[in-house]
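J.: just the structure for this:
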Amino acid sequence: MRPKQKEIIKEIEKLSSKHSSWKVFSDFVEVAAITISNAVDKTKWREREDRYLAIVKEYEKDEFPAFKKMFHLLIEAMDETVELEGGPKDILGPIFHELALHNKWKGQFFTPIDVSELIGKMNVRQLKPWEIERLNEPCAGSGSMVLGYAKAMRDNKMNYNRQLLVTAQDVDIKCVHMTYIQLSLYGIPAVVLNANTLTLEVWDTWYTPVYLIDGWKIRENAKEYLINPAIEEATQMMMKI
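T.: So this is what the prediction gives:
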């Protein structure tokens, strides 16, 4: 575990003298997810902003700055991971387990990083520069499996920020927040759903910043990501003849 992750754990433990570590962690990932979402997605801004303010009110004025500090530490931990290990890694999952929250959270155990990376290596396929890989994660957890695949893409000289399009879902909103935060901060185009994969019920939808900023919503509707630019150009030339 990286030093920045340990610092996040210390900040959570400091607040745990008055609030449970379960509550602090849950509030932290929700606040962080709302902060990211409300910067780019205005469709649910009011609803999420109200929820953000409701969480803030549950902490003293001298307590809440710790959330800002943890968010900065999380970003720094991710930057270090990409720089030193050559790709994204699950940062929040190990923190969750280190705090022993998995004993309370419906018996959930997130896929270990090494296993996620191994599965990514076994399943990654080489894409041509114009091709897009669509990845569907039916039980996202902390997003570890998606990150393992993204790491495998980078190891194979592919750009997961432009060539990977993710749909991830989970019935637990805390998992949705964790996955959304990590895919957002690693710059992965994704739609993260609070949904039941088996019944197809969907309760909430979160779009990562790069998904919205790069116009993936429009591109998906237009099926633009399926077009080879060279073939498209040749087709247009033929039509003019």
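
J.: quick one: the strands in the chain?
T.: 133-137, 164-170, 190-195, 202-207 (DSSP state E).

J.: from the chain's centre, how far out does the third one sit?
T.: Taking C-alpha atoms, centre = their mean, to the nearest Å, the mean C-alpha location of strand 190-195 is offset from the chain mean by 10 Å.

J.: how much space separates E58 from L101?
T.: 18 Å (C-beta to C-beta, to the nearest Å). To be clear about C-beta, it is placed using only N, CA and C from the backbone, and glycine gets the same treatment.

J.: the two: which has the busier surroundings?
T.: Using other C-beta atoms under 10 Å as the criterion, E58 and L101 rank with L101 on top: 18 against 11.

J.: now do P129, the pLDDT please.
T.: Note on P129: pLDDT of 88.

J.: whoops, I mixed them up, T35
T.: 97.

J.: and if you look at A222?
T.: 57.

J.: again with L92
T.: For L92, pLDDT reads 96.

J.: with the one 5 residues further on instead?
T.: We have a pLDDT of 89 for H97.

J.: for it, grab the count of nearby residues.
T.: Counted with other C-beta under 10 Å, H97 comes out at 17.

J.: redo the strands of the chain as JSON lines? Include mean neighbour count and distance to L84.
T.: Compiled in JSON lines, the strands of the chain are given as follows (neighbours: other C-beta atoms under 10 Å; distance: least, C-beta to C-beta, whole Å):
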{"stretch": "strand 133-137", "mean neighbour count": "16", "distance to L84": "25"}
{"stretch": "strand 164-170", "mean neighbour count": "22", "distance to L84": "21"}
{"stretch": "strand 190-195", "mean neighbour count": "24", "distance to L84": "24"}
{"stretch": "strand 202-207", "mean neighbour count": "16", "distance to L84": "28"}
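
J.: what's the closest of the ones you listed to F67?
T.: strand 202-207 (18.7 Å; C-beta to C-beta).

J.: and that closest one, what does it pack against?
T.: helix 21-40, helix 173-185, strand 190-195 (3 or more C-beta pairs under 8 Å, 6 or more residues apart in numbering; DSSP states H and E).

J.: burial check on the nearest residue to K18 once chain neighbours are set aside, number of neighbours?
T.: Excluding the flanking residues, the one nearest K18 by C-beta to C-beta, 6 or more residues apart in numbering is E63, at 7.6 Å. Using other C-beta under 10 Å, the number of residues around E63 comes to 15.

J.: could you do the one 10 residues further on as well?
T.: The tally of other residues near L73 (other C-beta under 10 Å) stands at 21.

J.: in this structure it contacts K6, no?
T.: No. Judged on C-beta atoms under 8 Å, L73 makes no contact with K6 at a distance of 9.5 Å.

J.: this structure: helices as residue ranges?
T.: For the chain, applying DSSP state H gives helices covering 3-15, 21-40, 45-56, 65-85, 92-98, 113-123, 144-155, 160-163, 173-185, 209-213, 216-222, 229-240.

J.: for the residue most central in space within the chain, give me its contacts.
T.: The residue lying closest to the centre of the chain (C-alpha atoms, centre = their mean) is L183, at 2.6 Å. L183 sits next to 143, 146-147, 166, 168, 190, 192, 208 when contact means C-beta atoms under 8 Å, 6 or more residues apart in numbering.

J.: need the per-residue pLDDT for the residue nearest to N159 when sequence neighbours are not counted.
T.: What sits nearest to N159 in space, not counting adjacent residues and going by C-beta to C-beta, 6+ apart, is M153, at 7.5 Å. At M153, the model reports a pLDDT of 96.

J.: burial of M153, as a residue count?
T.: Counted with other C-beta under 10 Å, M153 comes out at 24.
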